[in-house]
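J.: quick check, what structure comes out for this input:
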Amino acid sequence: QVQLVESGGGLVQVGGSLRLSCAAAGSVASIGDMGWYRQAPGKQRDLVADITSGGRTTYADSVKGRFTISRDNAKKTVYLQMNTLKPEDTAVYYCHATLVRLRVPGPYDYWGQGTQVTVSS
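T.: Residues are numbered from 1 along each chain as shown. Below is the predicted model:
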């Protein structure tokens, strides 16, 4: 069994900062790409940022220069540092990872449960 456990969401004022964390728990053999997606009410789920196992990053244009994704491979954890938050950043943020489970052919995609980020003006 594998779970992606997220933390760090909440309510923040415009211009504020939040840091999201997502840890892979369970029988994980290896992790490939890790990333964050977000979904606002009535909209599709979109990529926010992604990081490969080697540390190469990709960002949505709307967050470049404000958000930073990083990972700690030893802790099986990915982070999203969000600065200069705007009302349009309000959404449910989902962690994603492509990983291989112990003794199970893979890899497969896994998702966290989602964490709400609300930016008030």
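J.: what pLDDT is listed against the residue positioned nearest the centre of the chain?
T.: Closest residue to the average C-alpha location of the chain: residue 36 at 2.8 Å, with C-alpha atoms, centre = their mean. As predicted, residue 36 sits at a pLDDT of 98.
J.: one more: residue 106?
T.: The model's pLDDT for residue 106 equals 85.
J.: distance of it from residue 100?
T.: 4 Å (C-beta to C-beta, to the nearest Å). Glycine gets a C-beta too; all of them are placed from N, C-alpha and C.
J.: which residues are in contact with both of the two?
T.: residue 29 (C-beta atoms under 8 Å, 6 or more residues apart in numbering).
J.: looking at these two, which has the bigger crowd around it?
T.: residue 100 (17 against 14; other C-beta atoms under 10 Å).
J.: tell me the contacts of that one?
T.: Neighbour list for residue 100: 28-32, 106-108 [criterion: C-beta under 8 Å, 6+ apart].
J.: again, but for residue 73
T.: Residues in contact with residue 73 (C-beta under 8 Å, 6+ apart) are 31, 53.
J.: please state the backbone phi and psi of it?
T.: Here is the backbone geometry of residue 73 (degrees, to the nearest 10): phi -60, psi -30.
J.: same thing with residue 83?
T.: phi -120, psi 160.
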